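Q: quick one, structure for this:
(chains A and B)
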Amino acid sequence: DAGVIQSPRHEVTEMGQEVTLRCKPISGHNSLFWYRQTMMRGLELLIYFNNNVPIDDSGMPEDRFSAKMPNASFSTLKIQPSEPRDSAVYFCASSISGGTFHEQFFGPGTRLTVL
Amino acid sequence: DAKTTQPPSMDCAEGRAANLPCNHSTISGNEYVYWYRQIHSQGPQYIIHGLKNNETNEMASLIITEDRKSSTLILPHATLRDTAVYYCIVRVARQAGTALIFGKGTTLSVSS
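A: I've put the predicted structure just below:
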């Protein structure tokens, strides 16, 4: 089992550029979560999907952020245009929703630096 | 969702039990207690969860008080690799998935 796969692992870009982060959840998992971690704000939920449908996007900072899940095995988080304050580690996690199975599996994260 | 309170940091000697407390005095009847940890630069890792009863797995034990207003995570024989930030989270388990709301957690330092 490869676990949750995120790419790229590191991204350095300049302010104003578009950034796309990618996530492949664990096969068979039907919930997918995007989190962001900074020193100032800690770990924050951005958005999560259940069966490819966005359930809660209240954590998405502003219209510059968008997330999609076109199928059960792939999700993207896009920032356009990027700003220095978007610099953070972005984590993707997946789980099986419903029933009594509660564990979320996190990916290794993408460290984003916006200059 | 219920708020949790954890001490910001704790120290533990290697081989000893680490007991990490969490206060969740406003917990509702249908909210679970989850524990996750984050080792430096890695994604958070699930440890254990519980509703009412005490729970034990290969990683840790979770002791929940009878009134459910507090809990303790126990690492029975701490090792250096257990040095991490430990998060106590209280959430309802929803059919459509349960997003986690992380607080500041407790930084556990295990030393030899």
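Q: buried residues, stretch B:54-64. List them.
A: By neighbour count with 16 or more other Cβ atoms under 10 Å in any protein chain shown, stretch B:54-64 contains the buried residues B:Glu55, B:Ala60, B:Ser61, B:Leu62, B:Ile63, B:Ile64. To be clear about C-beta, it is placed using only N, CA and C from the backbone, and glycine gets the same treatment.
Q: and if you look at stretch A:89-104?
A: A:Val89, A:Tyr90, A:Phe91, A:Cys92, A:Ala93, A:Ser94, A:Ser95, A:Ile96, A:Ser97, A:His102, A:Gln104.
Q: give me the subset of those residues touching chain B.
A: A:Phe91, A:Ala93, A:Ser95, A:Ser97, A:His102, A:Gln104 (Cβ under 8 Å from any Cβ of the partner chain).
Q: tell me where the chain has strands.
A: Picking chain A for this. A:5-7, A:10-13, A:19-24, A:31-38, A:42-50, A:53-56, A:65-71, A:74-79, A:88-95, A:105-106, A:110-114 (DSSP state E).
Q: please go with chain B instead
A: Using DSSP E, strands in chain B cover B:9-13, B:18-23, B:31-38, B:45-50, B:55-56, B:61-64, B:70-75, B:84-92, B:106-111.
Q: which elements pack onto the third one?
A: With contacts defined as 3 or more Cβ pairs under 8 Å, 6 or more residues apart in numbering or on different chains; DSSP states H and E, the secondary structure elements packing on strand B:31-38 are strand B:18-23, strand B:45-50, strand B:61-64, strand B:84-92.
Q: what about 10 Å?
A: Contact partners of strand B:31-38 among helices and strands, from 3 or more Cβ pairs under 10 Å, 6 or more residues apart in numbering or on different chains; DSSP states H and E: strand B:18-23, strand B:45-50, strand B:61-64, strand B:70-75, strand B:84-92, strand B:106-111.
Q: could you say which of those strands is packed most deeply?
A: For the helices and strands packed on strand B:31-38, ranked by mean neighbour count under the definition mean count of other Cβ atoms under 10 Å in any protein chain shown, the leader is strand B:84-92 at a mean of 21.
Q: parallel or antiparallel, list what pairs with it.
A: If you go by DSSP bridges, strand B:84-92 pairs up with strand B:31-38 (antiparallel), strand B:106-111 (antiparallel).
Q: now the ones you listed as TSV including mean pLDDT?
A: Converted to TSV, the strands paired with strand B:84-92 look like this (pLDDT from 0 to 100):
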stretch	mean pLDDT
strand B:31-38	95
strand B:106-111	98
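Q: okay if I get these as TSV plus distance to B:Leu73?
A: Output for those, formatted as TSV (distance: least, Cβ to Cβ, whole Å):
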stretch	distance to B:Leu73
strand B:31-38	5
strand B:106-111	9
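Q: around chain A, which positions in chain B sit nearby?
A: B:32, B:34, B:36, B:38, B:41-51, B:85, B:87, B:91, B:93-105 (Cβ under 10 Å from any Cβ of the partner chain).
Q: now with 6 Å, please.
A: B:Gly43, B:Pro44, B:Tyr46, B:His49, B:Ala93, B:Gln95, B:Ala96, B:Gly97, B:Ala99, B:Phe102 (Cβ under 6 Å from any Cβ of the partner chain).
Q: which of these are buried? Put it as a ChimeraX command.
A: Buried subset of the residues of chain B next to chain A, written as a ChimeraX selection, criterion 16+ other Cβ under 10 Å:
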select /B:43,44,46,49,93,96,97,99,102
